[in-house]
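Student: sequence isn't available, so here's the structure alone:
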């Protein structure tokens, strides 16, 4: 693809071909590229793609929801790279590609003569992105890691949870999304460079490094102050916590430590609404943090705030407290997201056919006015595009069969 030959419309990556050999840690990269309009050809092993069994699996169709979400609109090809026929087909396929994204263990592809170095001379504009737990070089390059290990070794779990409890892992496979976003950024930057200069490159993404990027200011605090940031204690000060509403809970943050205005505005609100005991909150003792942390103060404040919130919905409380400059936020259950006024206005959720029914997935994290994102399509079976994709390479039928 060249800037003067193929316009990047109607979708941003229209005309870009991507070879996808990503695992669960990096498949979010190729999902984004595909959503942006690239033709993504996913190569699955002939023995079966382990990603197709990732839970939850739909009982009716046997389809993994994770797989369907990550691989919508991709073309599916099965190849055995260990067989000469499969390796030859892979070489022919890469020759048609602009980008390769893979998550193979360091050294495997080079042993087969199928790594970036094997293609660089004949395809100088090729962008080759590798996503592995610790990178393609270094003393840890052969180590494997799942999401738990990545979060722990990257330092994230030193900051999550309560100090008196065990470290807390973020829910789900967060490394997949964090590393996937870094890999997408690097890949697109390298593609743009290749389009401008004709020079491709190897984009080497380490999940370990990507997780270390999530530590906010912990590294800066350590290097500039010599202080180790750790897990913060639960806030036991009056005015902070989750409070009942008619349809769930709302979080209120009104203390005397950071944004004191929120506390004073909350006091005015409680008094204006005639909440019993609210007049006592004008006493100077409520500005003393030691008093505010006593069980007596916490219990009294909790009772008064609950009396204010319990007879209204989460969003009624939120709108009223925000209007009065009291920091608050409704706690969203997953079901609440489908009735979220902002998300409904944006038509954020998208539908994808799975068998005879429709599944609903998260929509785009960004919108582009001129190059719209591709809508999800049906989940394709393993090897569904073997004949169309591999046949287009001019491969003889016998050789095509040898690759399977």
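Tutor: Right, received. Where do you want to start? This is a predicted model, so every value here is computed, not measured.
Student: just the strands in the stretch 51-200 of the chain please.
Tutor: Taking DSSP state E, counting those that start in this stretch as the criterion, the stretch 51-200 of the chain carries its strands at 75-78, 99-102, 127-132.
Student: output the ones you listed as TSV; include the columns distance to residue 248 and mean neighbour count.
Tutor: (Each C-beta comes from the backbone N, C-alpha and C, glycine too.) Shown next, in TSV, are these (distance: least, C-beta to C-beta, whole Å; neighbours: other C-beta atoms under 10 Å):
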stretch	distance to residue 248	mean neighbour count
strand 75-78	42	22
strand 99-102	41	26
strand 127-132	38	27
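Student: pLDDT score assigned to the spatially most central residue of the chain?
Tutor: Geometric centre of the chain, nearest residue: residue 177, 2.9 Å, by C-alpha atoms, centre = their mean. The model reports residue 177 with a pLDDT of 89.
Student: quick check: it touching residue 28?
Tutor: Yes - the pair residue 177 and residue 28 qualifies as a contact (C-beta atoms under 8 Å) at a distance of 5.4 Å.
Student: tell me what angle the longest helix belonging to the chain forms with strand 127-132.
Tutor: In terms of residue count, the longest helix belonging to the chain (DSSP state H) is helix 174-197. Helix 174-197 and strand 127-132 are oriented at 160 degrees to each other (axes from the mean of the first three to the mean of the last three C-alpha atoms, to 10 degrees).
Student: tell me what helix 174-197 is packed against?
Tutor: Contacts defined by 3 or more C-beta pairs under 8 Å, 6 or more residues apart in numbering; DSSP states H and E place helix 174-197 against helix 27-35, strand 99-102, strand 127-132, helix 147-153, strand 201-206, helix 207-212.
Student: and the helices in the stretch 201-350 of the chain?
Tutor: 207-212, 218-225, 260-272, 289-292, 295-309, 314-323, 334-337, 341-345 (DSSP state H, counting those that start in this stretch).
Student: span of stretch 330-342 from start to end?
Tutor: By C-alpha to C-alpha, to the nearest Å, the extent of stretch 330-342 from end to end equals 14 Å.
Student: may I see the buried residues of it?
Tutor: residue 330 (16 or more other C-beta atoms under 10 Å).
Student: run through who's touching that stretch.
Tutor: For stretch 330-342, the external contacting residues (C-beta atoms under 8 Å, 6 or more residues apart in numbering) are 242, 245, 248-251, 314-315, 317-318, 343, 349, 360.
Student: pick the most deeply packed of the helices of the stretch 201-350 of the chain.
Tutor: Highest mean neighbour count of those: helix 207-212, a mean of 22 (counted as mean count of other C-beta atoms under 10 Å).
Student: neighbours around the residue nearest to residue 172 when sequence neighbours are not counted, how many?
Tutor: Distance criterion C-beta to C-beta, 6 or more residues apart in numbering; nearest residue to residue 172, sequence neighbours excluded, is residue 147 at 7.6 Å. Around residue 147 there are 22 other residues, counting by other C-beta atoms under 10 Å.
Student: and residue 147, how far from residue 80?
Tutor: Spatial separation of residue 147 from residue 80 under the definition C-beta to C-beta, to the nearest Å is 28 Å.
Student: same check on residue 165?
Tutor: For residue 165 relative to residue 80 (C-beta to C-beta), the value is 47 Å.
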